[in-house]
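Q: all I have is the shape, not the residue letters:
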Ligand code: HEA
Ligand code: HEA
Ligand code: CUA
Ligand SMILES: [Cu+2]
């Protein structure tokens, strides 16, 4: 940072990105995340295009209502996150902690719902393993719907997204812990901001996944 | 030892076209190679350190930059556009009046199915040979290339043919022999422990011999 | 954000729009419009939502222009990969 | 991530403990040295694996000298000695390629030179995220251990080639390798995280931590090249990681992404792999180009010819590198129209390489060339890269590639660009920056002997491979004599093998020089090469925190033999003497408040 070299306090670095280093680093990290999800979602699009019959129509296998609700939960968690950030921008430590806690709860709830969904789906034979795949339709009873690529790509994408949410929740807890120690102030809260960037990114990916996986 | 940069003799109709492009590329790159390396050597010798001399102070020359951007660009794109026709002809224009065969690759052998006396695949008199590809000369052949397990690559060096065989896909490959004789069938894609011994023979018959060979095989198969 | 000059972004309005769009998506997905139009409509709505999140929640709107360019940089690659590979099955 | 990892430690005045200083160090120079030692170790392993392969290729079916030490799963014991088995050969090819690319060349270029040069050349006291930097190295170590563990497990190490094409790699059913292939996948995934951590750090550091006056077009070319390389890593590695994980699931839990027997698409693996793979080969050459530019300009005491053109050429390589991946798949059964498009884009990418080549020649032109070891290696890079690049033109031609694909012509190409290119650049870089790393000079005489022998033997090994390929010899072939038409090539194979043994043996000279100089070398001054860039303005080796005070930069990095000075160099941080500065020192800009900064 600029001030660590006491002797050169009057010398100022070249203008770089115009944002502070921690935030720049987080953005750059998120770019690689974009490519990671490009690999996963891209593979899904390609495989679905190549083998349309391996995939089912919306609602046939997956539970759209439940997931739409879960999407709503995740969107709300983005709002609480951004509220936490807005609070600390004003120096409101109490608000910060309250909104962070809300975000943690909403995030954990999202993961919980996903686990419940996974359990329900696997019990209907909707599994990633190719040989064991036997997804039963919601209404259609016993005919197997879609093919092995459906299960594999579904768990691949939602699983990695879920992992990201879980990691996000853990990081949020860490942020919360630091907030309780009073580490963030109106002038120093980079940690909250980059936490928010990560969290909103994960939300953004889910918005795309929900549409592509559940609705199309 | 064979230090030659010439290609081995080719025995397919499009072989000479491919070879011609190869020699064009060889000339272009050869000349580029000699020029650049000679220049490099010359500069190294001519401008070696001498006491009391200062190097010429320059940051470059925009006109030169443009020249050595545009000239290679023209050469290379020209090359690409001249090669494109041969590629399209070989890979996407299937000839008519061809003998059709099925070649199925599996670890570590080539199974070649012939249409039998009636000349159509999928009938009762089809028969299969292992590692032996018999074809007539001067008549196009279409090979329906398949694989059973992993990816193999159907390589006929003398014919300048190479095509991967993908499991789950049928890829038509065509070629036309211009000479009779015995040639090589090789597997060019790593396919497991036995990749190195997944070879076979290509036997090019005259048209009459080919007919006769089919007849004897069909007869032999129905004993 | 460079300074705290700008007034707080309309966080709750964005939330409301996201909510409405999500509901809209679900109903549109099960409507009787031809599949092709459903896909196009859904993709557009999803992109709209994603852009809202990036612009307001991730504050891209309030960052210097070069951050904006940085953030967009992988998108062409994503498009190239999918569009080119899909040609294999056309 | 949420903590204050972004804040460098600043100046530590007390001596850190041994563990903090040498093992879990956050000092970029120490991490660079850690990468150096780890990758040299893997370079030796990769070289030995190559020697074993060459034994089998030159003397197929003959007992391997010292082959008795291998377990029966790898060699067949006979009364005369142990003969290599085909499954072991496949593991050797795979592990040689993987180790050389991912564990030797890439960490040397990016891990070593990236860490060593970036903060020093831009005038920063360390990386933006020193602790993340440490994590990057300590992820590479377990990755390396997992990779080597493959040799110790049942079934042997991965044997599907460094490209691990599906479906061969999806199941041990096809290769006989089960756990080994999974270790390979896991190892590369972990290494991917290591590279990503590094890339995030490099990019952030270069964007945000440049000293005053270090404008974009005053950045030395090695740092420029590493910046572009880091961007390629950042965007390419995640694609590989995704593909590796999918393949790992195919292997372990039985998903069907790439398994045609259950409806998956093997060709998708190839697309994902090469979408990463082609940017990867530029990751392996761009830093080399940067190093070579620096060495050539410095040792010919002349400004680099066309600095802007050099930078723009690298940027265009990085852009075009994303749209050429299909040239590895011409014969894969891909849509022929795509083949044509990929041929055209591949031809186009040779243009920026041409620009670079001619600019190196332009730099040598009318220079004052000092024949030190670094220069010799750098010039070898240029001449060998020309050969390797030109052989690429043959394969870029779709019809010609029909014959050359998967033959030794490709093997020749990759070694001309990777050994003749990257490795010679690494030799140039190590000999050039050795004094900065360790405070001592390497021995010149030994260096020159090592260079001369390596250059000669290297060409004796790899040049004939072109001819082998033109003769039709396929790659990844355990025993070429199995094919009748390849038997005439056997004398040449033998020649190549013997040369390869000489080449491997010659490297002992380098190892000896390296370790001898480490302890006994002549003490180095701060600036032994009379260089302009900032790393030479600080002591060798630089102290923790690098610069006593933040340097100010007044000019570009290659002002050699400038008429403005009597010396033939003009360091970037020396204030202009009589004349007013060519470009005035920049007006300080007011930085944005840093909410994260004061922690
Ligand atoms: C450092 C790594 C590196 C670099 C820089 C390159 C550079 C290039 N490569 Fe290479 N390549 C590999 C590493 C690399 N490659 C590897 C590892 C493989 C094998 C992978 C595997 O299958 O295992 C491979 C495989 C490979 C193939 C696939 C072959 C096949 O499997 O069938 C092709 C095909 O087009 C190709 C082409 C090129 C081209 C056109 C360039 C160009 O960028 C080169 C440009 C440079 C020049 C052309 C020379 C200088 C220019 C001039 C002197 C100007 C004048 C020139 C002319 C007018 C012609 N490469
Ligand atoms: C940078 C990469 C690199 C390097 C340096 C090398 C180096 C060598 N390679 Fe490599 N090779 C590849 C990358 C590389 N290779 C790849 C990617 C493949 C394709 C794999 C595949 O098909 O999947 C391949 C394949 C390949 C084949 C084809 C195998 C086949 O298809 O069947 C052959 C055959 O001869 C071969 C031989 C050699 C030889 C003899 C060397 C010699 O040059 C080795 C010389 C020895 C050294 C370079 C070690 C020296 C050590 C030091 C200098 C350090 C000492 C210092 C200290 C300890 C301080 N290689
Ligand atoms: Cu079949 Cu190699
Ligand atoms: Cu490539």
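A: In hand now; what should we look at? Here the structure is a predicted model, which means the values were calculated and not measured. Ligands and ions are numbered 1, 2, ... in the order given.

Q: mind listing what the most far-flung residue of chain B relative to its centre touches?
A: Computed with CA atoms, centre = their mean, the residue of chain B farthest from its C-alpha average is residue B:52, at 57.4 Å. Applying CB atoms under 8 Å, 6 or more residues apart in numbering or on different chains to residue B:52 gives no contacts. No exception for glycine: its C-beta is placed from N, CA and C like everyone else's.

Q: any idea how far it is from ligand 2?
A: Computed with CB to the nearest ligand atom, to the nearest Å, the distance linking residue B:52 and ligand 2 is 37 Å.

Q: look at that residue and give its secondary structure.
A: With DSSP: H, G, I helix; E, B strand; the rest coil as the basis, residue B:52 sits in coil.

Q: sec struct for the residue in the stretch 51-200 of chain D that ligand 2 sits nearest to, please.
A: With distances taken as CB to the nearest ligand atom, the stretch 51-200 of chain D approaches ligand 2 most closely at residue D:97, which sits 2.7 Å away. Three-state secondary structure (criterion: three-state DSSP) places residue D:97 in helix.

Q: what do you get for residue B:154?
A: Here residue B:154 is strand, with the state taken from three-state DSSP.

Q: and for residue A:91?
A: Assigned with three-state DSSP, residue A:91 falls in the coil class.

Q: state the phi and psi torsions of it.
A: As for residue A:91, its main-chain torsions (degrees, to the nearest 10) stand at phi 80, psi 10.

Q: ok, it - contacts?
A: When the contact criterion is CB under 8 Å, 6+ apart, the partners of residue A:91 are A:185-186.

Q: and it, how far from ligand 3?
A: Separation of residue A:91 from ligand 3 (CB to the nearest ligand atom): 69 Å.

Q: how about residue B:123?
A: If you measure residue B:123 against ligand 3 using CB to the nearest ligand atom, the figure is 29 Å.

Q: not counting sequence-adjacent ones, nearest residue to residue 197?
A: Since no chain was named, I'll use chain A. Excluding its sequence neighbours, the residue lying closest to residue A:197 (CB to CB, 6 or more residues apart in numbering or on different chains) is residue A:26, at 5.1 Å.

Q: sorry, I should have been clearer: chain D.
A: residue D:136 (3.9 Å).

Q: quick check: which element contains the one you found?
A: Here residue D:136, judged by DSSP states H and E, is contained in helix D:130-149.

Q: summarise which helices and strands that helix is packed against.
A: Taking 3 or more CB pairs under 8 Å, 6 or more residues apart in numbering or on different chains; DSSP states H and E as contact, the helices and strands that helix D:130-149 lies on are helix D:28-58, helix D:179-208.

Q: ok, then the element right after the strand or helix carrying residue D:468?
A: Per DSSP H and E, residue D:468 falls inside helix D:444-470. The helix or strand immediately downstream of helix D:444-470 is helix D:490-520, counting by DSSP H and E.

Q: just the angle between that next one and helix D:444-470, please?
A: For helix D:490-520 against helix D:444-470, the angle by axes from the mean of the first three to the mean of the last three CA atoms, to 10 degrees is 160 degrees.

Q: quick check: angle from helix D:490-520 to helix D:28-58?
A: Using the same axes, to 10 degrees: helix D:490-520 against helix D:28-58 is 160 degrees.

Q: now do stretch D:267-280: everything it contacts.
A: Stretch D:267-280 has contacts (CB under 8 Å, 6+ apart) with A:39, A:43, A:46-47, B:166, C:81, C:84-85, C:88, D:101, D:163-166, D:232, D:235-237, D:239-240, D:242-243, D:247, D:257-258, D:318, D:321-322, D:324-329, D:332-334.

Q: so how far is residue D:117 from whichever residue of chain A sits closest to ligand 2?
A: Closest approach between chain A and ligand 2, counting by CB to the nearest ligand atom: residue A:39, at 22.0 Å. Separation of residue A:39 from residue D:117 (CB to CB, to the nearest Å) stands at 31 Å.
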